[in-house]
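In: my questions concern the predicted model and sequence given below.
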Amino acid sequence: AGSPEQVIYAQGELMKKAIDQLTPRVPGHPNLYMIGFAGDGDENVFRNEVEFVQRQFDQRFDSAGHTLILINNPATLTRTPLASLSNLQNAVDAVAERMDQGQDILFLFLTSHGSREHEIYVGLDPLPLDQIAPDDLSDLFADTHIKYRVIVISACYSGGFVDAVKNDTTMVITVRAGGGDHH
């Protein structure tokens, strides 16, 4: 996949390709869009979870063409955009641009390790990737008007994200994967 600089430099093109594969919304009913985020590149379990959820959504909810997947894993570096805060912002913006923000649903699935400081671990050595704090997750939606959101965070201490993203039309599901709190 090249040097760390080459991997980072390639993200613009990988994101463009992923976004270009989004298909137009189907008129006449609410559409479901999914963004999957596998933050920890040191363990395959996070990549596997995101890929499993994507398959389930495509099969059960007919969301094929409405999914963007971001993965930190050495095996996917040349074909899948990194799970980084920057790419996540680009993914949310791209989906918001294509969806009917007042009718369609965004399902955001984030899986990784979590810290006591309520940060989602984002890492793929030796890349310098930013961690995601509750305010970062809230800021993703600052420039959108996506009304209906389902946010699932599968990480230890993920309960610390609830207050930052909750509202009357957002369902937040947090899952602990070992230790910490859960809701």
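Out: Sure thing, it's come through. Residues are numbered from 1 along each chain as shown.

In: please export the C-alpha coordinates of the longest helix anywhere in the chain as PDB.
Out: For the chain, the longest helix by residue count, based on DSSP state H, is helix 44-60. What follows is helix 44-60, C-alpha atoms only, in PDB (Å, rounded to 0.1, in the frame of the first residue of the first chain):
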ATOM      1  CA  ASN A  44      -9.600  -8.100  12.300                       C
ATOM      2  CA  VAL A  45     -12.700  -8.200  14.600                       C
ATOM      3  CA  PHE A  46     -13.600  -4.600  13.900                       C
ATOM      4  CA  ARG A  47     -13.300  -5.000  10.100                       C
ATOM      5  CA  ASN A  48     -15.300  -8.200  10.300                       C
ATOM      6  CA  GLU A  49     -18.100  -6.500  12.300                       C
ATOM      7  CA  VAL A  50     -18.400  -3.600   9.800                       C
ATOM      8  CA  GLU A  51     -18.400  -6.000   6.800                       C
ATOM      9  CA  PHE A  52     -21.000  -8.200   8.500                       C
ATOM     10  CA  VAL A  53     -23.300  -5.300   9.300                       C
ATOM     11  CA  GLN A  54     -23.000  -4.100   5.700                       C
ATOM     12  CA  ARG A  55     -24.000  -7.500   4.400                       C
ATOM     13  CA  GLN A  56     -27.000  -7.700   6.800                       C
ATOM     14  CA  PHE A  57     -28.200  -4.300   5.700                       C
ATOM     15  CA  ASP A  58     -27.800  -5.000   2.000                       C
ATOM     16  CA  GLN A  59     -29.700  -8.300   2.400                       C
ATOM     17  CA  ARG A  60     -32.400  -7.300   4.900                       C
END
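
In: in the protein, where is pLDDT below threshold?
Out: Scanning the chain for pLDDT under 70 picks out 1, 176-183.

In: quick one, strands of it?
Out: 32-38, 67-71, 105-111, 148-154, 170-175 (DSSP state E).

In: and the last one, what does it pack against?
Out: Using 3 or more Cβ pairs under 8 Å, 6 or more residues apart in numbering; DSSP states H and E as the contact criterion, the neighbours of strand 170-175 among helices and strands are strand 148-154, helix 162-165. Heads up, the C-betas are built off the backbone N, CA and C, glycines and all.

In: what comes into contact with it?
Out: The contact list for strand 170-175 (Cβ atoms under 8 Å, 6 or more residues apart in numbering) reads 148-155, 158-159, 161-162, 165-166, 182-183.

In: point out the most buried one among the helices and strands packed on strand 170-175.
Out: For the helices and strands packed on strand 170-175, the largest average neighbour count (mean count of other Cβ atoms under 10 Å) is found in strand 148-154, namely a mean of 21.
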